[in-house]
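Asker: Got a sequence here, can you model it:
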Amino acid sequence: MSEIEISAFENKLATCLDLIEQKLDWGPSHDWKTQDFERLSQLIHQETGIVLSVTTLKRLWGKIKYESKPNSSTLDALAKFVGAKNWRNFKQASKEISTSKPSNLSQSKRFNFSWIWSFFLLFCLLGIGIYAFTALPSRTIDPSKFHFKSRKIADGLPNAVVFEYDATHAKASDKIEIQQNWDERRRATVDKNKKVLTSTYYTPGFFKAKLVVNNQIVKEEDVFITSQGWLGLVEQSPVPLYFKKEEIEFPDKITIPIDLLTANKVNPKLNNTWVNFYNVGSFDDLSVTDFTLETQIKSEFKEGASACQKVEIILLCEGEAIISTLSIPGCISENGIWVMGQEVNGKTTDLSAFGCDFSDWVSIRWTAKNDQISFFVNDLLAYQLPLLGKQNKINGIKYRFLGIGSIKSLTLKKSNI
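Answerer: As a prediction, this is how the structure comes out:
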């Protein structure tokens, strides 16, 4: 490919990524976190039927350095997500709009690609509006004038939470929103003269709900949803597929048998099927400053989309998380670690110790002591990271298996016990 062809391709790809950002309206992409790319992967799959991994999306947006050109399936998925039939269709539209007069375009093509002009016009108007808004002096909002409380309706999942708020001191022009958790996209606009909003939580955990006025957080409220012991589910949008305790708890392990998945029309061989196990609310008086986690796991399905046998162990904390990813040795580049805001990427760090043979049980141990956490895999030290002085309380644990997986044992206690 010549330099001119490479430049033209890069320009078209940049245009496509810009259109995706405008469609999502999540703010500047350089501020996107891993969970944003996870959500984008789900949205692309829902709209196009094509699965793009989080790593692939990070490469496209420059979060991970990668010199190779995206493959045709990836390009088709991006083009379909912004309304084109495929990448060739998108390229032709870009070429004709930039080089042809309107009279040379057929009526059908003007109709098919009018969305590009609409996006461009919307982008310009949005920019003018943002400039006009930011040019005005900002108004200081007094949080003490607002009230915000939450109340759970029931135990278990799904769980409705009633938010009671008082925003009558806001101006008529103020935008009042309630944010369900850390995700700013989970905001619901509310009437300042009303008092109640009800939200549904589909997974257990510790959440920080927020009352937001003109993008300023004025109040926060803790929402703690427990799992009532072990909970098994398969990730689906918008509502997960739940399984009863008696369906997942066996004398020697916790698992969701494949015949139970197939009976519920779940095929782990197709697409990305993530099986989750939660235990939230069963661990008292534990802090990230001093704990030991010991568990044995096994990934039991390695066909189709589950060939990498990825497993995520997630320690759920107040406002933070500790995450470790494991896989078969051939997929270690997809692994990573997340500790209290610190990310270790398997693309740029040797995480080969997290590559496992899942034909037998894999022993995992995490130990936190003296402001440092150590990760052990089969009794071998795999990695260490500082805790940066964090003292967050531990609320529970979550396992994510790509395909089918099992848990044989779990111990979560203070290190000195």
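Asker: Next, count neighbours for the residue nearest to N86 when sequence neighbours are not counted.
Answerer: Closest residue to N86 apart from its sequence neighbours, by Cβ to Cβ, 6 or more residues apart in numbering: D76 at 4.6 Å. C-beta coordinates here come from the backbone N, C-alpha and C atoms, glycine included. Using other Cβ atoms under 10 Å, D76 has 20 neighbouring residues.
Asker: same deal with F243?
Answerer: 21.
Asker: can you give me the strands for the stretch 151-300 of the chain?
Answerer: 159-166, 176-179, 187-189, 196-201, 205-213, 216-225, 230-234, 241-243, 254-255, 274-280, 291-299 (DSSP state E, counting those that start in this stretch).
Asker: send the alpha carbons of the longest one over as CSV?
Answerer: Extracted as CSV, the C-alpha positions of strand 216-225 are listed here (Å, rounded to 0.1, in the frame of the first residue of the first chain):
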residue,chain,number,x,y,z
GLN,A,216,-22.1,19.2,39.5
ILE,A,217,-22.4,16.4,42.0
VAL,A,218,-24.3,17.9,45.0
LYS,A,219,-25.1,14.7,47.0
GLU,A,220,-24.0,11.1,47.1
GLU,A,221,-25.7,8.1,48.6
ASP,A,222,-24.4,4.6,49.2
VAL,A,223,-26.4,1.7,47.7
PHE,A,224,-25.4,-1.8,48.8
ILE,A,225,-27.1,-4.7,47.0
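Asker: pLDDT weak spots in the stretch 1-150 of the chain?
Answerer: 1-4, 67, 94-139 (pLDDT under 70).
Asker: Show me the strands in it, by range?
Answerer: Using DSSP E, counting those that start in this stretch, strands in the stretch 1-150 of the chain cover 147-152.
Asker: could you dump the strands of the stretch 151-300 of the chain to JSON lines with mean pLDDT and distance to P386?
Answerer: Shown next, in JSON lines, are the strands of the stretch 151-300 of the chain (pLDDT from 0 to 100; distance: least, Cβ to Cβ, whole Å):
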{"stretch": "strand 159-166", "mean pLDDT": "96", "distance to P386": "35"}
{"stretch": "strand 176-179", "mean pLDDT": "96", "distance to P386": "30"}
{"stretch": "strand 187-189", "mean pLDDT": "92", "distance to P386": "33"}
{"stretch": "strand 196-201", "mean pLDDT": "94", "distance to P386": "32"}
{"stretch": "strand 205-213", "mean pLDDT": "93", "distance to P386": "23"}
{"stretch": "strand 216-225", "mean pLDDT": "94", "distance to P386": "26"}
{"stretch": "strand 230-234", "mean pLDDT": "96", "distance to P386": "32"}
{"stretch": "strand 241-243", "mean pLDDT": "96", "distance to P386": "38"}
{"stretch": "strand 254-255", "mean pLDDT": "98", "distance to P386": "32"}
{"stretch": "strand 274-280", "mean pLDDT": "96", "distance to P386": "26"}
{"stretch": "strand 291-299", "mean pLDDT": "97", "distance to P386": "15"}
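Asker: With distance to M340 added, can I get these in a markdown table?
Answerer: Formatted as a markdown table, the strands of the stretch 151-300 of the chain follow (distance: least, Cβ to Cβ, whole Å):
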| stretch | distance to M340 |
| --- | --- |
| strand 159-166 | 26 |
| strand 176-179 | 22 |
| strand 187-189 | 25 |
| strand 196-201 | 23 |
| strand 205-213 | 14 |
| strand 216-225 | 18 |
| strand 230-234 | 25 |
| strand 241-243 | 30 |
| strand 254-255 | 27 |
| strand 274-280 | 19 |
| strand 291-299 | 13 |
